[in-house]
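>>> Structural data only, the sequence is not supplied:
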């Protein structure tokens, strides 16, 4: 009996440690979101694609389509329905902070989402206009920081350390996977007219069919249910190859994870700096979402759909003076349902302190330092003057909690350099 009681006690203790519960007196305090862009034109035009002219007309390659713009407007409506009067009815830049990659499809995703969130009246021609190759001035409806280059896969090519790991892992793994599925790729080459020579080219066909389905077009006869299932399987497998090692996950998803964790911490423990801030929304790509979730140790129930989104909700307990984090996921704009995204060791909801302890080791506060990026290839978002760094600067409190994760190194060096410079200046004056 004593052994049974001991087992029960330790099981209960483990459950409480995971904090898989929701305090009854909690109140929503702050939200951070990451959104994948909506339906875009294919990245590669397949020779046998019956809709090539349509994709060229809409903008090529990988440009947000009018359907994608509508998806984001619908997402904004869903978010407003979910959060109701949490934010004002009229946009206030002190209340909502928006950020995206420089790609036009991500920028337009941001503007169309917020147009839906704030209930701006839109007509069909507005969705046609606010899509395609260029972000027109009339579509720039909200202040948007477009310096989040770190959320796009093309930026990862500048990461010297990551390139070395990828050469060792991705190439050989893709070669083996391609050989294992050679008959399938030969069939794809024949039906698409595109000669497949690399395992990751399954993604090209998958995305082309995804776009056709989003537009309600009839997909080719060769794309039967069995082929689509196999294509989806290979698509997921390729992401497993890309993020196979922990350091690959950290160097790709770590910068975005750092922004999110730091934003949550700043809002909780330094409210005077962001007193009116209630929502921060990041707009990116499939690679943004996949790299982030892999860094978090989370496997999505399925690959991100068009305009899929992850929400990080910060709650405050009124009686316990404690903060909690809940992570939610919605895979498409065709459902209102947000499902809990379970963080290993956390559950549906856990304290902010535990959330930081679990995820901070995978965060990357200084991309250049972690990646050994050459100076000439460094992205613009590094600068101290950017809105991102001003709003979400690393704090010593977070550094003390996660010294192993090297949080705050960059800021400490900056402060030290400024102090030395100031001291030299004073000596000269003397």
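Happy to help now that I have it. Since the model is a prediction, treat every value here as computed from it, not as a measurement.
>>> mind listing the strands in the stretch 201-350 of the chain by residue range?
Counting by DSSP state E, counting those that start in this stretch, the segments of the stretch 201-350 of the chain that form strands are 279-284, 309-317, 322-330, 339-340, 349-351.
>>> and the shortest one, how far from the chain's centre?
From the chain centre to the centre of strand 339-340 is a distance of 16 Å (C-alpha atoms, centre = their mean, to the nearest Å).
>>> That one - contacts with which helices or strands?
Judged by 3 or more C-beta pairs under 8 Å, 6 or more residues apart in numbering; DSSP states H and E, the packing partners of strand 339-340 are strand 322-330. For the C-beta atoms, the positions are set from N, CA and C on the backbone; glycine is no exception.
>>> Let me know the angle separating the strand it packs on from strand 309-317.
For strand 322-330 against strand 309-317, the angle by axes from the mean of the first three to the mean of the last three C-alpha atoms, to 10 degrees is 160 degrees.
>>> what packs against strand 322-330?
Other elements packing on strand 322-330 under the criterion 3+ C-beta pairs under 8 Å, 6+ apart are strand 309-317, strand 339-340, strand 349-351, helix 352-359.
>>> Report the mean confidence score over it.
Averaged across strand 322-330, pLDDT comes to 96.
>>> Report the angle between it and helix 352-359.
Angle, strand 322-330 to helix 352-359, by the same axes, to 10 degrees: 60 degrees.
>>> follow-up on the earlier one: tell me which of the helices and strands packed on strand 322-330 lies nearest to residue 158.
With C-beta to C-beta as the measure, helix 352-359 is the member of the helices and strands packed on strand 322-330 nearest residue 158 (24.3 Å).
>>> Need the residues that contact that closest one.
Contact with helix 352-359 is made by 19, 257, 261, 264-265, 268, 295-296, 314, 322-325, 343-346, 398, 401-402, as judged by C-beta atoms under 8 Å, 6 or more residues apart in numbering.
>>> same check, this time on stretch 38-57
Stretch 38-57 has contacts (C-beta under 8 Å, 6+ apart) with 58-65, 67-72, 75, 105, 109, 112, 191-194, 204-205, 207-208, 210-212, 214-215, 217, 220, 306-307, 333.
>>> what about that stretch, start to end distance?
Terminal residues of stretch 38-57 are spaced 17 Å apart (C-alpha to C-alpha, to the nearest Å).
>>> And the longest helix seen in the chain, what's buried?
Counting by DSSP state H, the longest helix found in the chain is helix 246-269. By 16 or more other C-beta atoms under 10 Å, the buried positions in helix 246-269 come out as 247-268.
>>> do stretch 283-302 as well
Neighbour-count burial for stretch 283-302, counted by 16+ other C-beta under 10 Å, picks out 283-298, 300.
>>> Okay, now the unreliable bits of the stretch 301-430 of the chain?
Under the criterion pLDDT under 70, the flagged ranges of the stretch 301-430 of the chain are 373-430.
>>> And the helices in it, which stretches?
In the stretch 301-430 of the chain, the helices defined using DSSP state H, counting those that start in this stretch lie at 352-359, 367-371, 387-391, 396-401, 409-429.
>>> From what I see, residue 239 and residue 290 are in contact.
Yes. Residue 239 is in contact with residue 290 according to C-beta atoms under 8 Å; the separation is 5.3 Å.
>>> Give me the common contacts of these two.
Taking C-beta under 8 Å, 6+ apart as the contact rule, residue 239 and residue 290 both touch residue 303.
>>> Grab the nearest non-local neighbour of residue 252.
residue 291 (3.8 Å; C-beta to C-beta, 6 or more residues apart in numbering).
>>> which ones are touching the one you found?
Under the criterion of C-beta under 8 Å, 6+ apart, the neighbours of residue 291 are 153, 243, 249, 252-253, 256.
>>> And it, what's its pLDDT?
Reported pLDDT for residue 291: 96.
>>> And residue 285, by the same measure?
95.
>>> Then residue 94?
So residue 94 comes in at 94 (pLDDT).
>>> Am I right that it is in a helix?
No. Going by DSSP: H, G, I helix; E, B strand; the rest coil, the assignment for residue 94 is coil, not a helix.
>>> That one and residue 278, how far apart?
Residue 94 sits 9 Å away from residue 278, going by C-beta to C-beta, to the nearest Å.
>>> ok, the contacts of residue 291 vs residue 171, which is closest?
Comparing the contacts of residue 291 against residue 171 with C-beta to C-beta places residue 243 closest, at 15.0 Å.
>>> Go ahead and confirm the closest one touches residue 294.
Yes. Residue 243 lies in contact with residue 294 (C-beta under 8 Å); the separation is 4.2 Å.
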